[in-house]
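Student: Structure of the sequence below:
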Amino acid sequence: MSDRYKTALDLGRDDRFMGTPTDTGMPANLPEVVTRDEWLVARRRLLAAEKELTRHRDEVNAERRGLPMVRIDKDYVFDSPSGKATLLDMFEGRWQLIVDHTMWLDDDHRACPSCSARLDQVGHLAHLHARSTTLAVVSRGPLAEIAAFKARMGWTFPWYSSYGSDFNYDFHVSFDESVMPIEYNYLTKADLEERGAPISEWAQPFDLMGMSVFLRMDDDVFHTYSTYARGTDALGFTSNFLDLTPLGRQEDWEEPKGRATALGAQAGDSGVRYHDEYDA
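Tutor: Residues are numbered from 1 along each chain as shown. Coordinates of the predicted model:
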């Protein structure tokens with residue numbers, strides 16, 4: 001794990017598992033051994049907490065869908081294998097765009113190993129596409145280096161270069177104080193250093209991870225959400241990605257009612273298919 005990635009995670013972390021290995025290499029503080037009846041009592045108690053967490057998560061997701069949005073007025077231009085692309089082009093005609101801001105390591109000419117492990121978990125994009133949502137990766141590295149690393153990893157998702165653009169800086173995932181003051185996870189440089197991030201020790205420019213969501217209305221693009229640090233660590237599953245968007249999972253039970261259920265592909269109905277059947 002890169003030092004910068006670990007620091008970004010720690011900025012949002014309150015508790016960490018720090019088990020002490022035994023002589024066998026196993027942690028010393030493993031769960032205690034109990035009878036099946038004792039385990040069931042503990043499991044049911046935990047189930048109540050899990051259900052409470054699920055309900056609270058649904059409430060937070062609804063609050064996220066209620067966020068206002070900001071029109072994107074700057075004309076960002078990215079490099080792609082097919083040529084220059086705008087932010088609007090990255091939607092590929094769909095309504096929503098999720099951008100994974102993947103950290104680029106300038107000295108190594110490749111993405112951060114931990115960001116790469118996260119990208120390995122991205123599922124088949126057809127399930128997002130069926131819900132009018134595009135997932136794209138954007139990094140500050142040059143396109144040729146991105147293309148070479150993408151081929152090495154065997155990834156097929158779209159990956160754009162923001163090299164020479166303000167995009168990464170405007171969305172606070174690349175940092176160079178000659179470009180703009182440092183801000184990450186809605187904290188200033190002073191806030192970050194107070195929390196233990198050794199910002200002043202890192203050579204600039206440098207990157208940290210994040211994710212941003214955009215909504216398209218005709219040819220107008222709006223920024224609806226960005227998350228950083230541990231806000232990205234549960235992502236990789238279609239429903240989790242959709243929870244970040246203003247249209248949500250597009251299920252009948254979601255608030256506000258009636259926003260996006262007409263798009264189809266709701267859980268349990270005929271709109272959900274095997275990933276190789278959506279085109280058919």
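
Student: where does the stretch 101-250 of the chain have low pLDDT?
Tutor: The model of the stretch 101-250 of the chain has pLDDT under 70 over residues 236-237.

Student: which residues in the stretch 51-200 of the chain form strands?
Tutor: Secondary structure of the stretch 51-200 of the chain by DSSP state E, counting those that start in this stretch: the strands cover 70-71, 77-80, 83-86, 96-101, 104-105, 110-111, 133-139, 159-161, 174-175, 183-184, 187-188.

Student: For the helix or strand hosting residue 211, could you pull out the residues that count as buried?
Tutor: In this assignment (DSSP states H and E), residue 211 forms part of strand 210-217. Buried residues in strand 210-217, counted by 16 or more other C-beta atoms under 10 Å: 210, 211, 212, 213, 214, 215, 216. Where you see a C-beta, it was placed from the backbone N, CA and C, and this is true even at glycine.

Student: Closest to residue 178 out of those residues?
Tutor: residue 210 (20.8 Å; C-beta to C-beta).

Student: which one among the buried residues of strand 210-217 gets closest to residue 228?
Tutor: Set against residue 228, the nearest of the buried residues of strand 210-217 by C-beta to C-beta is residue 210 (4.2 Å).

Student: I'd say that closest one and residue 171 touch.
Tutor: Yes: assessed by C-beta atoms under 8 Å, residue 210 is found in contact with residue 171 at 6.8 Å.

Student: who touches both of these two?
Tutor: 101, 226 (C-beta atoms under 8 Å, 6 or more residues apart in numbering).

Student: what about the helices in the protein?
Tutor: Using DSSP state H, the helices found in the chain span residues 3-10, 36-65, 87-90, 113-119, 126-129, 143-153, 167-170, 189-194, 238-243.

Student: closest to residue 222 out of the ones you listed?
Tutor: Minimum separation from residue 222 across the helices of the chain (C-beta to C-beta) falls at helix 87-90, 10.5 Å.

Student: Just the CA trace of that closest one, in CSV.
Tutor: This file holds the C-alpha atoms of helix 87-90, laid out as CSV (Å, rounded to 0.1, in the frame of the first residue of the first chain):
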residue,chain,number,x,y,z
LEU,A,87,-16.7,15.6,-19.9
LEU,A,88,-20.0,15.3,-21.9
ASP,A,89,-18.4,12.7,-24.2
MET,A,90,-17.5,10.6,-21.2
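
Student: which other helices and strands contact it?
Tutor: Contacts defined by 3 or more C-beta pairs under 8 Å, 6 or more residues apart in numbering; DSSP states H and E place helix 87-90 against strand 77-80, strand 96-101.
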